[in-house]
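Novice: Got a predicted structure plus its sequence, pasted below:
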Amino acid sequence: MTRRVSGILTKDELKRYQRQITIFGEEGQGKLKKAKVFIAGAGGLGCSIAMYLTVAGIGKLRIVDNDIVALENLNRQILHWDSDIGKKKSESAKGKLKRMNPDVDVEVISETINKGNIDGLVGDFDMVVDAMDNFAARYVLNKAALRKKIPFFHGAVDGFYGQVTTIIPGRTACLRCIFPEPPPITVPPVVGVTPGLIGCIQATEIIKYTLGIGSLLENRLLMWDGLNGKIDELPLERNPRCEDCGQGVG
């Protein structure tokens, strides 16, 4: 058993995280260790998000994905390798993450997210992360986060383009405020670096929220144009008549 030498941190953890502890201290690292993050999806976004939260020392991850690793996933889903083709993405991701940082509790569930099971899947976790590729599932996540009054970190990609926002129930526009109707259903093209970058921004938002530092992407939609190397922001506002978070919605 590893001896604890500083609050809830072990000697090995103090060594592993020393470069970031110099930024936010042992107390901040302790907050990361106590955090429980629910990640919906183990694809391009989910792999990037989970990797950086794991190496940062987030205490517990629950990753939900019911898909199987296929060859066409491997240009962007960096936790999955050729040897994983045919395996469940959730199990493939867990194996790599535990090798990256055995101190992080990684739980995986191979289920398809829907409105009937989402509350049970999220359970008592502190925050919900959108690493999905379709708006039907995203709306389910959005409503669950609103009901549970926990933050929802949205990210999406298309080719060289991506977007990110952080949704705080009662304080910011929700996903339905931003996108009242889902975009047309397509299979978006994806260059692997785009979910890598967008996932890293989402992970950064999660770390900042957990630590209570910096300025979150609240009521701001960050839009990344990788083809031209540009970042823009779109200001957002709550819709008082939003069917998910508007007045009178319970």
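Specialist: Looks like it arrived, so ask away.

Novice: Doesn't residue 233 lie inside a strand?
Specialist: Yes: counting by DSSP: H, G, I helix; E, B strand; the rest coil, residue 233 is part of a strand.

Novice: Next secondary structure after the host helix or strand of residue 128?
Specialist: Per DSSP states H and E: residue 128 is located in strand 127-130. Toward the C-terminus, strand 127-130 is succeeded by helix 135-148 as the next helix or strand (DSSP H and E).

Novice: Identify all contacting residues around that following helix.
Specialist: Here helix 135-148 makes contact (Cβ atoms under 8 Å, 6 or more residues apart in numbering) with 40, 113-115, 118-119, 122, 127-128, 130, 132, 151-152, 154, 156, 167, 169, 174-176, 179, 182-183, 244-245, 249. Bear in mind the C-beta positions are built from the backbone N, C-alpha and C, glycine included.

Novice: can you give me how far that helix is from the chain middle?
Specialist: Distance of helix 135-148 from the chain centroid (Cα atoms, centre = their mean, to the nearest Å) equals 13 Å.

Novice: per-residue confidence averaged over it?
Specialist: Averaged over helix 135-148, pLDDT sits at 97.

Novice: just stretch 18-37 next, same as before
Specialist: Here the average pLDDT along stretch 18-37 is 98.

Novice: residues in contact with it?
Specialist: 6-9, 13-14, 17, 53, 56-62, 124-127, 129, 206-207, 210-213.

Novice: the strands in the protein, which residues?
Specialist: 4-6, 9-10, 36-40, 60-64, 105-109, 127-130, 152-158, 161-167, 220-225, 230-235 (DSSP state E).

Novice: Now render these as CSV, adding distance to residue 195 and mean neighbour count.
Specialist: Formatted as CSV, these follow (distance: least, Cβ to Cβ, whole Å; neighbours: other Cβ atoms under 10 Å):
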stretch, distance to residue 195, mean neighbour count
strand 4-6, 36, 13
strand 9-10, 31, 19
strand 36-40, 13, 24
strand 60-64, 15, 22
strand 105-109, 19, 17
strand 127-130, 12, 26
strand 152-158, 5, 25
strand 161-167, 7, 24
strand 220-225, 11, 16
strand 230-235, 16, 10
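
Novice: which helices and strands does the lengthiest helix in the chain pack with?
Specialist: Secondary structure of the chain per DSSP state H: the longest helix is helix 193-211. For helix 193-211, the elements it packs on are helix 18-34, helix 44-56, strand 127-130, strand 152-158, strand 161-167, strand 220-225, judged by 3 or more Cβ pairs under 8 Å, 6 or more residues apart in numbering; DSSP states H and E.

Novice: Now do the third one: everything it contacts.
Specialist: It refers to strand 127-130. The contact list for strand 127-130, computed with Cβ under 8 Å, 6+ apart, reads 35-41, 45-46, 49, 122, 138, 141, 144-145, 148, 150-156, 175, 202, 206, 209-210.

Novice: residues contacting residue 159?
Specialist: 188, 189, 190, 191, 194, 227.
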